[in-house]
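Participant: just coords:
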């Protein structure tokens, strides 16, 4: 029964057709944007921070990625992992988190001038975000795309 519990979220995810195959995902790139996230103890002073997503090169069907999203009052959401390309149109990351008995399913795709990081059912935030953090459907502008000069550093944190 435990194996079914682990596979059902993946089956549910793969069976949904929420994306058309006309999307392509760029590899070996970095997207970023600067934000002013002020701290509650000093709302008058700007606190410029950077959100980013790095997507590495594909190797044997696997694509390394990592992202860092800044949230209110200094909280962050961050994940590094290995995803798979689905139908050439988006990246999918799925990880069962035994300690909280849930599965994180994350999609990364491009649409309408943005790259989107989507926490499919909100479960990723439980393990990868601070108290006030949320991934939801976070978007970074495609215009911020730069080519990575080195592989995604999976051990940076």
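Facilitator: In hand now; what should we look at? On a predicted model such as this, the values are computed, not experimentally measured, just so you know.
Participant: Toward the C-terminus from the helix-or-strand element of the chain with minimal mean pLDDT, list the very next helix or strand.
Facilitator: One helix or strand of the chain scores below all others by mean pLDDT, DSSP states H and E: helix 2-15, with a mean of 43. Heading C-terminal from helix 2-15, the first helix or strand you meet, by DSSP states H and E, is strand 29-36.
Participant: check contacts around the closest residue to residue 131 other than its chain neighbours.
Facilitator: Of all residues not flanking residue 131 in the chain, residue 75 sits nearest, at 5.9 Å (C-beta to C-beta, 6 or more residues apart in numbering). From N, CA and C alone the C-beta is placed, and that goes for glycine too. Residues near residue 75 by C-beta atoms under 8 Å, 6 or more residues apart in numbering: 129-133.
Participant: Out of the residues you listed, which comes closest to residue 83?
Facilitator: residue 129 (18.2 Å; C-beta to C-beta).
Participant: Surely that closest one and residue 71 touch.
Facilitator: Yes. Between residue 129 and residue 71 a contact is recorded at 7.0 Å, counting by C-beta atoms under 8 Å.
Participant: Good, we can wrap up now.
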